[in-house]
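K.L.:
Below are the sequence and a predicted model; questions follow.
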Amino acid sequence: MSRLLAALLLMATIAAPAAAQIMPGRPIRIIVGYGPGSALEIPARAIAEQVSARLGSPLVIESRPGAGGVVGSEMVARAAPDGHTLVMGGAGSHGVTPAIRRRLPFNMERDFTAIARIAEFPVVMMVNPSLPARTVQEFIALAKARPGQLNFGSSGVGTSLHLTGEMLRLRTGIDLTHVPYRGSTGVSTALIAGEIHISFDALPAIAGLVTQGTVRAIAVTTTARLPQLPDVPTTAEAGLPDFVVTSWVGPFGPAGMSPATVAQLSRAFTEAAMSPEGSARLRALGATPVGEDAATFDAFWRRDMARWKEVVRAANVPVED
């Protein structure tokens, strides 16, 4: 009996590492909780070929829109933790959503495993060109001189860009009125028309407007200046050192994944994002390749969630049930 038990234990020891790995040839589903062409789906497709080559498994990207990414996230939270079902998460779905939704069909902090942060879309702070403010400090001074008379637009209540505006209000002590629109296109149109005074948006959506001078970029909310807008200072250079906001992207798996599987996936995604082919495709989208491993991404993601929860609390942003 003892020999049989020993043999079984030996077999389990030998089989365990293999079971912990991605199975070559078996598809890996990447769930995107938004519609086709979203800011989460496009980066996933940009590096899918590179990831597949490293894992020996095809990536199948599926759009499962609904409830601001919650439907797709729930599918992965309930999936087997074998690494073959992932969700492409982002600043909205995995950073802001847990801050503004009181009830979710999963626990965001316990039911997901961070895999890798592959890219980020820089966010730009913009004003209407007719506004007598060419810098962040001039805008702050103008807002303080006209309390309650200036406003900021966003793509909707509870969106990451709404909370970015609230964070500006909290960090500077200025009194701004929030004006929500349906989607970022409506915000840009309103800013050009002078209906709103300031707004934020990811670079790919507004790069042309800035280049044409239709809107005035006064800062980028990144740690370094952008090659696309070399003359626009960072928020730190503009006097707001603790105001860094990016629209990040990265895959998550369900809880309970083996460390070996997480490491294998993380390595494949980070190498793909930083490879010459992958990074070129991401940059062509207006994204900045990141290539952040699982542990670093996990710490970043949890800080991001905590920050938005604090902004929601301090700004009294309505929380959904």
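P.N.:
All right, it came through fine.
K.L.:
what's A190 in contact with, if anything?
P.N.:
Taking Cβ atoms under 8 Å, 6 or more residues apart in numbering as the definition of contact, the neighbours of A190 are G153, V179, Y181, I196, S199. No exception for glycine: its C-beta is placed from N, CA and C like everyone else's.
K.L.:
Same list (the residues you listed) but as JSON lines, adding secondary structure and distance to G37.
P.N.:
Conversion of those to JSON lines gives the following (DSSP: H, G, I helix; E, B strand; the rest coil; distance: Cβ to Cβ, whole Å):
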{"residue": "G153", "secondary structure": "strand", "distance to G37": "23"}
{"residue": "V179", "secondary structure": "strand", "distance to G37": "26"}
{"residue": "Y181", "secondary structure": "coil", "distance to G37": "19"}
{"residue": "I196", "secondary structure": "coil", "distance to G37": "26"}
{"residue": "S199", "secondary structure": "strand", "distance to G37": "22"}
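K.L.:
Sort those by pLDDT and name the bottom one.
P.N.:
When the contacts of A190 are compared on pLDDT, Y181 comes out lowest, with 90.
K.L.:
what's around the closest residue to it other than its chain neighbours, how many residues?
P.N.:
Closest residue in space to Y181, ignoring its immediate chain neighbours: V187 at 4.9 Å, by Cβ to Cβ, 6 or more residues apart in numbering. V187 has 28 neighbours, counted by other Cβ atoms under 10 Å.
K.L.:
Does V187 touch G156 like I think?
P.N.:
No. No contact is recorded between V187 and G156 when judged using Cβ atoms under 8 Å, the distance being 9.4 Å.
K.L.:
Residues that sit against both of the two, list them.
P.N.:
Among the neighbours of V187, those also in contact with G156 (Cβ under 8 Å, 6+ apart) are Y181.
K.L.:
Got the domain ranges for this protein?
P.N.:
According to automatic domain parsing, the chain is divided into the following domains: 28-120+247-315, 121-220.
K.L.:
would you list those in a markdown table and tack on distance to L240?
P.N.:
Below are the domains of the chain laid out as a markdown table (distance: least, Cβ to Cβ, whole Å):
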| stretch | distance to L240 |
| --- | --- |
| domain 28-120+247-315 | 14 |
| domain 121-220 | 6 |
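K.L.:
Just checking the distance from the helix or strand harbouring P43 to the centre of its chain.
P.N.:
P43 belongs to helix 41-55 when elements are defined using DSSP states H and E. In terms of Cα atoms, centre = their mean, to the nearest Å, the centre of helix 41-55 is found 17 Å from the chain centre.
K.L.:
Now do the strands in the protein.
P.N.:
For the chain, the strands identified by DSSP state E occupy 28-32, 59-63, 85-90, 112-114, 117-127, 150-154, 176-180, 198-202, 216-220, 246-254, 288-292, in order along the chain.
K.L.:
the inter-axis angle of the longest helix seen in the chain versus strand 117-127?
P.N.:
When the chain is parsed with DSSP state H, its longest helix is helix 294-315. Using axes from the mean of the first three to the mean of the last three Cα atoms, to 10 degrees, the inter-axis angle of helix 294-315 relative to strand 117-127 is 30 degrees.
K.L.:
Just the C-alphas of helix 294-315, formatted as PDB.
P.N.:
The C-alpha coordinates for helix 294-315 follow below in PDB (Å, rounded to 0.1, in the frame of the first residue of the first chain):
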ATOM      1  CA  ALA A 294       2.000  40.400 -12.900                       C
ATOM      2  CA  ALA A 295       3.300  41.500  -9.500                       C
ATOM      3  CA  THR A 296       3.900  45.100 -10.500                       C
ATOM      4  CA  PHE A 297       0.600  45.300 -12.400                       C
ATOM      5  CA  ASP A 298      -1.300  43.900  -9.400                       C
ATOM      6  CA  ALA A 299       0.200  46.600  -7.100                       C
ATOM      7  CA  PHE A 300      -0.600  49.300  -9.600                       C
ATOM      8  CA  TRP A 301      -4.100  48.100 -10.200                       C
ATOM      9  CA  ARG A 302      -4.900  48.000  -6.500                       C
ATOM     10  CA  ARG A 303      -3.500  51.600  -6.000                       C
ATOM     11  CA  ASP A 304      -5.700  52.700  -8.900                       C
ATOM     12  CA  MET A 305      -8.900  51.200  -7.400                       C
ATOM     13  CA  ALA A 306      -8.100  52.800  -4.000                       C
ATOM     14  CA  ARG A 307      -7.500  56.200  -5.500                       C
ATOM     15  CA  TRP A 308     -10.800  56.300  -7.400                       C
ATOM     16  CA  LYS A 309     -12.700  55.100  -4.400                       C
ATOM     17  CA  GLU A 310     -11.200  58.000  -2.400                       C
ATOM     18  CA  VAL A 311     -12.100  60.500  -5.200                       C
ATOM     19  CA  VAL A 312     -15.700  59.200  -5.300                       C
ATOM     20  CA  ARG A 313     -16.000  59.500  -1.500                       C
ATOM     21  CA  ALA A 314     -14.400  62.900  -1.300                       C
ATOM     22  CA  ALA A 315     -16.300  64.400  -4.300                       C
END
